[in-house]
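# predicted model and sequence follow; I will ask about them next.
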Amino acid sequence: MSASGKILGIGICFMLAGAVKGITGMGLPTVAMGLLGLVMPPAQAAAFLIIPSAVTNVWQFLTGSRRLALVRRLWPMLLTIGGTTWAAAGLIAGNPARYARMALGAALIAYAGVGLAKMQLSVPERREKWLGPLIGATTGLVTGATGVFVIPAVPYVQALGLEKDELVQALGLSFTVSTFALAAGLANRGAFHVAAAGASTLCTLPALVGMLVGQAVRAKTNPTTFRLVFFVGLLALGLDCVL
């Protein structure tokens, strides 16, 4: 593939990932990692998604009104997400591309399986004090190995009984912490440097355009149908990475 063709392909990947995030409030890193993982090593794909993920997730978190309340409630999970992601980033940066790609595929398959199963989980507030750090540490380990932020943090946050807008804001907060921790971990291992940061910055525009398009079509999209297509697509990407 020519250099211009590769640049165009990367831009389309981020536009699609941004559109998914605009519709669902999540999915940009997951979709971007899944698509980019088909054509480049996962560590390089993770470096590309840092700036678009940071910009869109900070934006998502700051647009709500429950910022301080969510930080106070979720800080035990956020703390362990940050520390474990930073410590585990060597897994995606140091492993051979094939093994990192297989780990990415396994994470995508797991997330798609949870989504397609439509499991309705509930976490009593009294259990958040010890379960939050455990979920955060597990999420950090998965993020450090695959660049995917969602397992098991997303099912856990969805099980907390938050209102719709509060849930979207909480996911933005969780993804923001994961993004910055992953960036710090990759930088510490030489996988996120000036050139990677520049390339990642260029990926932000198509991601934002896609996100705005996704937000515009959200009201016209059947959420059940879109959810099915989204998770089946992730499952197919995951299987392609593993096989």
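Okay, I see it.

# please make it C-alpha for all contacts and neighbour counts, starting now.
Will do.

# show me where the protein dips below the pLDDT cut-off.
Confidence mapping of the chain against pLDDT under 70 gives the ranges 1-3, 25, 95, 97, 223.

# Pro96: neighbour count?
A count of nearby residues for Pro96, using other CA atoms under 10 Å, gives 13.

# ok, it to Ala181 distance?
Per CA to CA, to the nearest Å, Pro96 is found 22 Å from Ala181.

# what sits against Cys203?
Residues in contact with Cys203 (CA atoms under 8 Å, 6 or more residues apart in numbering) are Ile10, Gly11, Phe14, Phe48, Leu49, Ile51, Pro52.

# what's the neighbour count on Leu121?
12.

# now it: phi and psi?
phi -100, psi 160 (degrees, to the nearest 10).

# before we move on, what about Leu38?
phi -80, psi -20.

# hang on, it packs against Leu239?
No - counting by CA atoms under 8 Å, Leu38 stays clear of Leu239, with 11.0 Å between them.

# how about His193: what's its closest non-neighbour residue?
Ala187 (6.2 Å; CA to CA, 6 or more residues apart in numbering).

# the one you found and Pro42, how far apart?
Shown here: Ala187 relative to Pro42, a distance of 15 Å by CA to CA.

# for the two, indicate the residue with more neighbours.
Pro42 (29 against 19).

# quick one: contacts for the more buried one?
Met33, Leu36, Ile92, Ala97, Ala100, Arg101, Leu104, Thr146, Gly147.

# near the last one, how many other residues are there?
When you say that, I think you mean Gly147. 34.

# scan the protein for its longest helix.
helix 67-94 (DSSP state H).

# helices and strands around that one, which ones?
On a contact count with 3 or more CA pairs under 8 Å, 6 or more residues apart in numbering; DSSP states H and E, helix 67-94 meets helix 42-62, helix 128-146, helix 164-188.

# which is the succeeding secondary structure element to that helix?
Counting by DSSP states H and E, the element after helix 67-94 in chain order, helix or strand, is helix 97-117.
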